[in-house]
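**Q** I need the structure of the sequence given here:
(one chain, ligands or ions: 1)
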Amino acid sequence: MDRTFLIKPVLDAEYPLIDYGKGVYLYDAEGKEYLDASSGAITANIGHGVQEIIDAMEEQAKKVSFVYRSQFTSEPAEKLARKIANLSIANLNWCFFVNSGSEATETAMKIAIQYWQEKGVYTKTKVLSRWMSYHGITLGALSMSGHTGRRARFIPLLEDFPVIQPPYCYRCPYNKEAPDCGYLCAHELEAIIKRIGADHIAAFIAEPVIGAAGGAITPPKEYYKVIKEICERHNILFIADEVMTGFGRTGTMLACEQWDVEPDIVTLGKGMGAGYTPIAAALVGDHVMEPILNGSKTIMGGHTLSANPQACAVSLAVIEYLEKNKIIPEVEEKGNYLKNKLMYLQKVYPFIGDVRGRGLMIGLEFVQDPIKKEPFPRRMKLTETLISVAQENGILVYPAGAGTDGINGDAVMIAPPLTITVKEMDDLIGRLERTFQQYYVQYAKNFTV
Ligand code: PMP
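**A** Below is the predicted model:
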């Protein structure tokens with residue numbers, strides 16, 4: 001190709017030119033086929049090229065694509081808000097639409113701060129979070145993120161928001177095992193609240209299953225009950241960042257449902273438009289809206305394209321497609337099928353240290369020695385190399401955690417479209433096995449570092 005003017009993630013890297021996608025497969029301009037085992041960035045939840053979505057897009061575009069939310073509401077926006085309220089946990093009934101996950105978490109943070117202001121408390125402005133978390137790239141969202149790699153360049157501009165240890169059972173910082181551990185990592189929240197003072201803390205934010213910064217790190221059953229109880233006792237809102245986990249990725253509409261916990265605010269993104277349109281949302285509890293409705297009656301937020309009818313119509317069509325084809329109820333079984341196959345690969349390739357996750361959000365963490373769990377040295381760039389070997393073998397996997405974060409080793413996520421069939425899962429495993437085999441042959445010499 002001629003000289004490029006497009007700023008890509010790595011400026012001197014070559015990226016294949018995409019031609020089209022169909023279902024779980026993508027085809028580049030040279031005709032090479034890729035199995036999209038990461039749904040892009042855990043986004044293309046219903047696969048590529050779905051005709052119903054394209055039709056909904058066209059139908060809405062013929063009516064009106066954009067109106068400004070300060071001037072009009074629209075049928076797609078109203079319908080989508082009602083639909084999401086019906087589908088999610090009882091108390092979460094209010095939807096604030098934005099265009100990206102980062103905007104959603106940033107909006108959630110601002111709503112939490114405003115909630116306390118409307119109640120006359122102006123000091124509650126900090127948002128606590130966890131190490132190994134990712135809540136977005138804008139400065140507020142990055143301030144809440146414990147992703148060292150993505151924060152590094154902007155540290156002087158970030159708010160000083162304290163973090164606690166993540167529920168990273170594979171490498172428990174306390175060397176204990178759930179459920180006998182007493183959930184010490186969750187109880188760290190209490191300690192930090194006491195140190196800072198609940199009067200200064202608006203909310204605690206967490207991804208139910210840790211994605212980009214950890215690779216499907218899945219907390220034990222009681223974890224969020226402990227977290228929620230501590231938040232309630234100290235008057236701190238609990239924000240569940242479901243930008244990656246929402247819309248069925250882990251087998252339920254919201255992942256929180258599986259931990260029986262009711263957040264005060266939930267953020268949604270990625271699967272909400274399933275890659276067909278940029279759309280995301282902050283989903284707000286009735287009790288959080290109440291003082292705002294009785295107070296200033298407006299939320300200071302929003303972006304020009306928030307709640308545009310075009311994006312809302314597409315998101316509605318995605319939900320209808322999920323419902324009509326009963327896709328979410330099958331996710332758990334599909335996830336188990338894939339996880340069992342991956343556990344078999346783990347026996348063949350001992351550098352797969354951990355296989356974890358919920359539903360179709362599965363993480364693989366790589367180690368030099370499965371007993372000592374020693375990570376590979378970062379200079380080996382295992383995650384990055386493995387991903388490019390995978391791409392050569394026609395399979396796309398997602399770099400997660402440590403490989404990108406530089407603190408805990410290497411990990412990838414396997415998270416194909418939720419529509420994947422058994423035959424396609426077998427194809428996925430075949431391509432992955434060839435990838436591990438090739439990686440092993442080519443790079444095994446590095447294993448004695
Ligand atoms: N929160 C979570 C949990 C995410 O996984 C991401 C994206 N990886 C974001 C927020 C940010 O979303 P976006 O990239 O759409 O801004």
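
**Q** can you show me the strands along the stretch 301-449 of the chain?
**A** Remark: strands assigned in the stretch 301-449 of the chain by DSSP state E, counting those that start in this stretch are 352-358, 361-366, 395-396, 398-400, 410-414.

**Q** I18: which of these is closest?
**A** Nearest to I18 among the strands of the stretch 301-449 of the chain is strand 395-396 (11.1 Å), distances taken as Cβ to Cβ. (Glycine included, C-beta is placed from N, CA and C.)

**Q** strand partners of the closest one, parallel vs antiparallel please.
**A** Applying DSSP bridges to the sheet, strand 395-396 is found paired with strand 33-36 (parallel).

**Q** for the partner strand, buried residues please.
**A** Y34, L35, D36 (16 or more other Cβ atoms under 10 Å).

**Q** residues contacting the residue nearest to N325 when sequence neighbours are not counted?
**A** Excluding the flanking residues, the one nearest N325 by Cβ to Cβ, 6 or more residues apart in numbering is T419, at 7.3 Å. Each residue near T419 by Cβ atoms under 8 Å, 6 or more residues apart in numbering is listed here: G23, V24, N45, I46, G47, N325, I327.

**Q** farthest-separated two in those?
**A** Largest pairwise distance in those, by Cβ to Cβ, is 14.3 Å, between V24 and N325.

**Q** who has more neighbours out of the two?
**A** V24 (24 against 14; other Cβ atoms under 10 Å).

**Q** now the nearest residue to V412 once chain neighbours are set aside: how far from E290?
**A** In this structure, V412 finds its nearest non-sequential neighbour in V397, 4.6 Å apart by Cβ to Cβ, 6+ apart. Between V397 and E290 the computed distance is 44 Å (Cβ to Cβ, to the nearest Å).

**Q** just the helices in the stretch 1-150 of the chain please.
**A** Secondary structure of the stretch 1-150 of the chain by DSSP state H, counting those that start in this stretch: the helices cover 39-42, 51-63, 75-87, 101-118, 139-143, 148-151.

**Q** is V284 located within a strand, as I assumed?
**A** Yes - applying DSSP: H, G, I helix; E, B strand; the rest coil, one finds V284 inside a strand.

**Q** what does the stretch 151-300 of the chain have sitting close to the ligand?
**A** E207, G211, A212, D241, V243, M244, G269 (Cβ under 6 Å from any ligand atom).

**Q** try it again with 8 Å
**A** By Cβ under 8 Å from any ligand atom, the residues of the stretch 151-300 of the chain that approach the ligand are 207, 211-212, 241-245, 267, 269-270, 278, 280.

**Q** what is the nearest of the residues you listed to K119?
**A** Out of those, the member with the shortest distance to K119 (by Cβ to Cβ) is T267, at 21.8 Å.

**Q** ok, A81 touching C95?
**A** Yes - taking contacts as Cβ atoms under 8 Å, A81 lies within contact range of C95: 4.0 Å.

**Q** could you list every residue that touches the residue of the stretch 1-150 of the chain found nearest the ligand?
**A** Residue nearest to the ligand within the stretch 1-150 of the chain: G101 (2.2 Å; Cβ to the nearest ligand atom). For G101, the contact set (Cβ under 8 Å, 6+ apart) comprises H135, G136, D241, V243, M244, T267, G269, K270, A280.

**Q** do you know how far it is from G269?
**A** G101 is 3 Å from G269, by Cβ to Cβ.

**Q** overlap in contacts, those two.
**A** Counting by Cβ under 8 Å, 6+ apart, the contacts common to G101 and G269 are V243, M244, A280.

**Q** picking up where we left off before, buried deepest among the helices of the stretch 1-150 of the chain, which one?
**A** When those are scored by mean count of other Cβ atoms under 10 Å, the highest mean neighbour count falls to helix 101-118 (a mean of 25).

**Q** what mean pLDDT does that one get?
**A** The pLDDT scores in helix 101-118 average 98.

**Q** and stretch 45-64, by the same measure?
**A** The model assigns stretch 45-64 a mean pLDDT of 98.

**Q** what residues does it touch?
**A** Under the criterion Cβ under 8 Å, 6+ apart, residues 20-26, 36, 39, 74, 76, 247-249, 270-271, 274-277, 309-310, 313-314, 316-318, 320-322, 327, 417-420 lie in contact with stretch 45-64.

**Q** what's the PyMOL syntax to select whichever of the residues you listed are buried?
**A** Provided next is the PyMOL selection string for whichever of the contacts of stretch 45-64 are buried by 16+ other Cβ under 10 Å:
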select buried, resi 21+23+24+25+26+36+39+74+76+247+248+249+270+271+274+275+276+277+309+310+313+314+316+317+318+321+322+327+417+418+419+420
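
**Q** ok, what's across the strand from I18?
**A** D28.

**Q** residues in contact with the top helix by length along the chain: which ones?
**A** Counting residues, the longest helix found in the chain (DSSP state H) is helix 422-443. Helix 422-443 is contacted by residues 23-24, 35, 37, 334, 337-338, 341-342, 345, 348-349, 351-352, 380, 382, 385-386, 389-390, 392-395, 397, 414, 416, 420 when judged by Cβ under 8 Å, 6+ apart.

**Q** show me which residues of it are buried.
**A** Result for helix 422-443 [16+ other Cβ under 10 Å]: buried residues 424-425, 427-429, 431-436, 439, 443.

**Q** so which of those residues reach the ligand?
**A** Within the buried residues of helix 422-443, nothing lies near the ligand by Cβ under 8 Å from any ligand atom.

**Q** in CSV: those, plus pLDDT.
**A** Below are those laid out as CSV (pLDDT from 0 to 100):
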residue, pLDDT
E424, 98
M425, 98
D427, 98
L428, 98
I429, 98
R431, 98
L432, 98
E433, 97
R434, 97
T435, 97
F436, 96
Y439, 91
Y443, 77
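
**Q** in this structure, what helix or strand scores lowest on average pLDDT?
**A** helix 402-405 (a mean of 50; mean pLDDT, DSSP states H and E).

**Q** now G248, nearest residue through space, not along the chain?
**A** The nearest residue in space to G248 (Cβ to Cβ, 6+ apart) is I328, at 3.7 Å.

**Q** enumerate every residue touching that neighbour.
**A** Residues in contact with I328 (Cβ under 8 Å, 6+ apart) are G248, G251, T252, M253, L322, L418.

**Q** just the closest of these to Y122, please.
**A** M253 (35.2 Å).
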